[in-house]
Structure formats: structure tokens, C-alpha cells
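Engineer: sequence plus predicted model, see below.
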Amino acid sequence: MRWKLLRRRLSVSAPRMIVRSHLPWPLRWALAAVVLGFSAAIALWAFELGKDIAGLDRDLHTEVRELRRELARSRSELGAVQSVANTAESLLRAERTALEAVQQRLRQAESENLALKADLGFFETLLPAQGDALAVRGLQVEAAGPGQLRYQLLVMQSGKSPAPFTGRYEVSLVGTRAGQAWSQAMPVGGLPLQLRQYMRVDGLVDHPPDAVVQTVQVRILDQGGAVRAMQWASL
């Protein structure tokens, strides 16, 4: 009987027996994580090795360097263009300012030209008649304040190249004062006068505030005291 049992256990038809080792779950998870990490490291190393073998990484670095150099060159060119644009804008503003100044001077010159033409026309109307050596033209008198008159006149000599004239002029006032006839002359000697072709003369003359001036007379005298020209103006 024992022999049968022993032969049955040792024969092929004997029942199978499985031997299993029991591991805790945390240890199993840790072992799985180590295996996965090791596999990922091997895969990454294989990928980097493949890139180095194929030369892709070197080409990528070279292209990045070229792009950076191109970007730096573009920035430099942009700065130069911006500087040229700023300079051109400054020059344009300066040209506009200069043009405005020239236009203003041109308008001023045109205005002065018109004034000179007006003065020339006025002088032509005041030219003395043919044969008059010396004449007074354009005598104007106006009140400048109580007891004061302002006068203005033009003394002219005829001819293209007249000799210089040296003499004096006197201003006399005629009117009434306190209901009676009144007159006033400049002190003896008058005021000096020197001209060659023409000369504009103006000034102020004082008189008593209560006097009523009706007529103003201007006389031009030479060095010998002879009257060479005379002009009247009424107020």
C-alpha cells in the first residue's frame, strides 16, 4: 500500500503543486516604478543617441544660431532706418521753418516795396516846379497837447545834382489871444538845416495854452538871412 502511494506521487499522473512567494503591495508598486523609470531612461537615451547619430540636434542648434544672428542684424538695420527717419524728419521740420521765415521776409519786403512806391509817388507830387531852387512841400500841423503843436514838412531842391544847402528854418504862429491878434516867432537864428536833394523835417513848438493858433508859417533862410522858401498851413 505504501509502495503504491509512493509510486503515484512520483509518477506523471501525480497532482501538480505550485509554490508562490508572498510580496507586500507597496514593494510590488515600488518595483514596478523602478522598472518603468529604467525603461523610460533607456528610451530617452536611445532617442538622444538617435538624434546625435542622425545629426538633427546639431542642425537645430546651428539653425537657432543663424536665426539669432539674423534677428540681431534685423534689429540693427531697423535702428539705422529709424535713425535716418528721425534725421529726415528733423531736416524736414528745419526746412519748413526756414521756408516760413523766407516767406515772412518776402511778405515784409513786398510790404516795404509797396510803402516805397507810395513814398515815391508822394515825393513826385511834391517835386518843386521847374526853376524853383528850394521849396517846402507837405507842411502838416496838428495839436500835440495843451499849448503844443507838432509840425512836419519836406524841404526839396530841384535838379539832378544840386549843391548842398546850409541854412536854417523858422516856424511862426499867428492867431488870437484874449480876443486880440497874437503871433509868435522862433528865437533869433531858428533851427539849423542841411540837405542836398530833400529832407524831412519835424518837431514840436510850444505856445501859450490860452492862445488860439490859426496859421503856421515855415520859412527857409540861407546863411545870409535871405528867405529862400516859405509855406503856410491853416488850422
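Structural biologist: That came through fine.

Engineer: longest helix anywhere in the chain?
Structural biologist: Looking across the chain with DSSP state H, the single longest helix is helix 56-126.

Engineer: pull the helix or strand with minimum mean pLDDT from the chain.
Structural biologist: Using mean pLDDT, DSSP states H and E, helix 2-10 stands out as the lowest-scoring helix or strand of the chain, at a mean of 56.

Engineer: which stretches of this protein have low pLDDT?
Structural biologist: Along the chain, the parts satisfying pLDDT under 70 run over 1-35, 37-38, 40-41, 43-60, 119-132, 188.

Engineer: again, only this time at 90
Structural biologist: 1-138, 144-145, 156-163, 179, 185-190, 196-199, 224-225, 234-235 (pLDDT under 90).

Engineer: just checking, residue 217 touches residue 234?
Structural biologist: No - with contact defined as C-beta atoms under 8 Å, residue 217 does not count as touching residue 234 (10.3 Å). (Glycine included, C-beta is placed from N, CA and C.)

Engineer: just want to know which of the two has more residues nearby.
Structural biologist: The neighbour comparison of residue 217 against residue 234 (other C-beta atoms under 10 Å) goes to residue 217, with 16 against 9.

Engineer: what helix or strand is that one on?
Structural biologist: In the assignment (DSSP states H and E), residue 217 maps to strand 211-222.

Engineer: so what does that strand touch, helix or strand wise?
Structural biologist: Strand 211-222 sits against strand 134-145, strand 148-157, strand 165-177, strand 180-184, strand 227-234, with contacts defined as 3 or more C-beta pairs under 8 Å, 6 or more residues apart in numbering; DSSP states H and E.

Engineer: redo those as JSON lines? Include distance to residue 117.
Structural biologist: Below are the helices and strands packed on strand 211-222 laid out as JSON lines (distance: least, C-beta to C-beta, whole Å):
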{"stretch": "strand 134-145", "distance to residue 117": "17"}
{"stretch": "strand 148-157", "distance to residue 117": "17"}
{"stretch": "strand 165-177", "distance to residue 117": "27"}
{"stretch": "strand 180-184", "distance to residue 117": "39"}
{"stretch": "strand 227-234", "distance to residue 117": "25"}
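
Engineer: what's the closest of those strands to residue 90?
Structural biologist: Checking those against residue 90 by C-beta to C-beta gives strand 148-157 as the closest, at 51.1 Å.

Engineer: much appreciated, bye for now.
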